[in-house]
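Undergrad: when you get a sec, could you give me coordinates for this:
(chains A and B)
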Amino acid sequence: MALTNEYIKQRLTEKFGEQVQQFQEPYGMLTFEAPKELNLKVLQFLYDEADLAFQFLTDLQAVHYPDNKGRELAVVYHLHSLTNNVRIRFKVFTDITSPDVFSATALFSAANWMERETYDFYGVNFIGHPNLKRILNVDEMDYFPMRKEYPLEEQTRIDKDDDMFGR
Amino acid sequence: MSDQHIKLPEGSIEKQTTTLNLGPTHPATHGVFQNILELDGERIISAEQTIGYIHRAFEKIAERRPLYQITPLTDRLNYCSAPINNMGWHITCEKLLGVQTPKRVDYLRVIIMELARIADHLICNSIVGVDTGAFTGFLYVMQYRELIYEIYEEVCGSRLTTNIGRIGGFERNFNNTAFEKIEKFLREYPKVLKEFENLFNRNRIFMERTIGCGPITAERALNYGFTGPNLRAAGVDYDVRVHTPYSSYEEFDFDIPVGSTGDCYDRFLVRNQEMWQSLRIIEQAMKKVKEFKGKEAEVFHADIPEFYLPEKKDVYTKMEALIWHFKIIMGEIDMPAGEVYQSVEGANGELGFYLITDGGRTPYRLHFRRPCFVYYQAYEEISKGAMLSDAIITLSSLNLIAGEMDA
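TA: Numbering: from 1, shown residues only, chains lettered A, B, ... in the order given. Just a heads-up that it's a prediction; the model follows:
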């Protein structure tokens, strides 16, 4: 039996009830969210159940929504069930003043660097991560550059005097 | 910032092991990676990887660019097979915009993508040869990479960072020289690949150097998020081209080669086999392309004036084309809001694009799922306990591309 989005949704609501919500299917991929305290429980459930078997973490990243008060940062997991060949997207939202989310490194070794990258660019503090430090940026950096409050430099600015690069 | 960059840890003078700093610019690492190895004699006790030396903040830059200006950024991810990245990006955009590409475009894309895959595998495998001490194979196949680059040149005008194709198709039709060169490649390369295999596959020195070197089990590989040839060498037949076909891959007949032990030798064999399969795919695609006759053989892009730049001579002579040209260049065309994940089978794994738009002219968020970034974290585990010289082969046989890793 092919694994359908309806079935995954039904299994999730059976297990977690109202807490798993916002089911959508943008471009065919089942997307849902859960409270951030539950993220490991949901991932573990999806991993363990034999008929779901979402055992491959394709991708993990964060998105910053500055206007979304109280839930500014979204951590997005892309999971893949290789046996059923179905992909789903799972989101948890967190407050930007205390961006603590449980780390999925115990479940997926792949999450290690992905979470470090997410921390590096968005400052999501993954609780339980074995080595949460910056990965692509320099260690001395004291801000999280992918957040929306750091815009790119205005391309048309003329006040900068830079003889070397002709601006 | 501390005033001292390099701090010696406590007791580091008295310790019995050696700390070796391999990289970031080491001739054997083929890219800017730094590995801080802890050695006992020649055995590796632990390895700590530092990456990010060529981080260029593509994801941030992409947040201010319209879709078609992001293509040159994707070139610079895996620069050994830039066309695959370009095509992956175009396919992502087309999925977001709901564009249906003509069949001929799909086949032409398949040709270019498979050529890129061959170019990438050919570099990777011959570099494994170089690192084990066999330089000949590398120099021999290099002229065929040159031929592939000439084909790119015919199609898009550039060689390494190709910026090939546009949203909806190609910037121009393939000319006859391009087809001739592809046919020349199909004619001559199998012989060369055969010779390359004869040189390595049953070569005793090569086998003894690579068998059992840097192995990984299928279970660990999946847990580490391995994809592409590295995962297949461990025995998992996962290939994006088959599992979620894009660009009409479902119409082609090809096999997925798999290994069993996931060591350097298996990775090498899987890549070689994949080159044979790619040749098969290109042959089929060429046959399909040739079936288009007359007007149909002129089709090289989808009919989407909102996103496909009109030809320059039309801009000067036709009102319609001028309007669309102006609108595209001035960024007056908004994208639909939505979120898309699209992946393609890159030369070293599943290359994914996660694109969120909020309806403006630029992406709200764009994330590249870079295969090397994901699987390089397993390097410590698979090189632990190995000899230093084995670690070098493992590094090159994983096909790590610094540009892709650091985005």
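
Undergrad: in stretch B:33-42, what counts as buried?
TA: For stretch B:33-42, a neighbour-count test (16 or more other C-beta atoms under 10 Å in any protein chain shown) marks B:F33, B:Q34, B:N35, B:L37, B:E38, B:L39 as buried. Heads up, the C-betas are built off the backbone N, CA and C, glycines and all.

Undergrad: to clarify, my last question referred to stretch B:254-271.
TA: B:254, B:256-259, B:261-271.

Undergrad: what's the end-to-end length of it?
TA: 14 Å (C-alpha to C-alpha, to the nearest Å).

Undergrad: stretch A:26-39 too?
TA: 21 Å.

Undergrad: neighbouring contacts of that stretch?
TA: Stretch A:26-39 has contacts (C-beta atoms under 8 Å, 6 or more residues apart in numbering or on different chains) with A:5, A:8-9, A:12, A:16, A:19-25, A:42, A:74-75, A:77, A:86-94, A:100-102, A:104, B:95-96, B:338-341.

Undergrad: three-state assignment of the closest residue to A:Q24 other than its chain neighbours?
TA: Distances taken as C-beta to C-beta, 6 or more residues apart in numbering or on different chains put A:T31 closest to A:Q24, at 4.7 Å, once the chain neighbours are dropped. At A:T31 the chain is in strand, as set by DSSP: H, G, I helix; E, B strand; the rest coil.

Undergrad: now do A:T31, the pLDDT please.
TA: At A:T31, the model reports a pLDDT of 93.

Undergrad: close to chain B: what parts of chain A are there?
TA: Proximity of chain A to chain B (C-beta under 8 Å from any C-beta of the partner chain) is limited to residues A:26-27, A:29, A:31, A:55-59, A:61, A:63-64, A:76, A:78, A:82, A:85, A:87, A:89, A:108-110, A:112-114, A:117, A:121, A:135-138, A:140, A:145-146, A:152.

Undergrad: show me which residues of stretch B:44-51 are buried.
TA: Within stretch B:44-51, the residues scored as buried using 16+ other C-beta under 10 Å are B:I44, B:A47, B:Q49, B:I51.

Undergrad: can you give me the strands for the chain?
TA: Let's take chain A. Assigned by DSSP state E, the strands in chain A fall at A:21-24, A:30-34, A:56-64, A:73-81, A:86-94, A:100-102, A:125-127.

Undergrad: I was after chain B.
TA: With DSSP E as the criterion, chain B has strands at B:18-22, B:34-40, B:43-50, B:338-346, B:349-357, B:365-369.

Undergrad: and of the ones you listed, who's closest to B:G235?
TA: strand B:349-357 (15.6 Å; C-beta to C-beta).

Undergrad: now that closest one against strand A:56-64, angle please.
TA: Strand B:349-357 and strand A:56-64 are oriented at 30 degrees to each other (axes from the mean of the first three to the mean of the last three C-alpha atoms, to 10 degrees).

Undergrad: quick one: B:L366 and B:R64 touch, right?
TA: No: the pair B:L366 / B:R64 is not scored as a contact, 10.8 Å apart, by C-beta atoms under 8 Å.

Undergrad: can you count the residues close to the closest residue to B:N203 other than its chain neighbours?
TA: Spatial nearest neighbour of B:N203, excluding adjacent residues (C-beta to C-beta, 6+ apart): B:A134 at 7.6 Å. For B:A134, the neighbour count with other C-beta atoms under 10 Å in any protein chain shown is 17.

Undergrad: just to revisit the earlier point, tell me what the residue nearest to A:Q24 is bridged to.
TA: Note on A:T31: beta-bridge partners by DSSP bridges are A:Q24, A:R89.

Undergrad: give me every residue that touches A:R71.
TA: With C-beta under 8 Å, 6+ apart, A:R71 has these contacts: A:Y65, A:F93, A:T94, A:D95.

Undergrad: again, 7 Å this time
TA: By C-beta atoms under 7 Å, 6 or more residues apart in numbering or on different chains, the contact set of A:R71 is A:F93, A:T94, A:D95.

Undergrad: how far away is the second one from chain B?
TA: Summarising the geometry, the distance separating A:T94 from chain B, computed by C-beta to the nearest C-beta, to the nearest Å, is 16 Å.

Undergrad: that residue and A:V101 touch, don't they?
TA: Yes: counting by C-beta atoms under 7 Å, A:T94 touches A:V101, with 5.7 Å between them.

Undergrad: which neighbours do these two have in common?
TA: A:K36, A:V75, A:V124.

Undergrad: number of nearby residues for the last one?
TA: The one in question is A:V124. 26.

Undergrad: per-residue pLDDT, it?
TA: Predicted confidence (pLDDT) for A:V124: 92.
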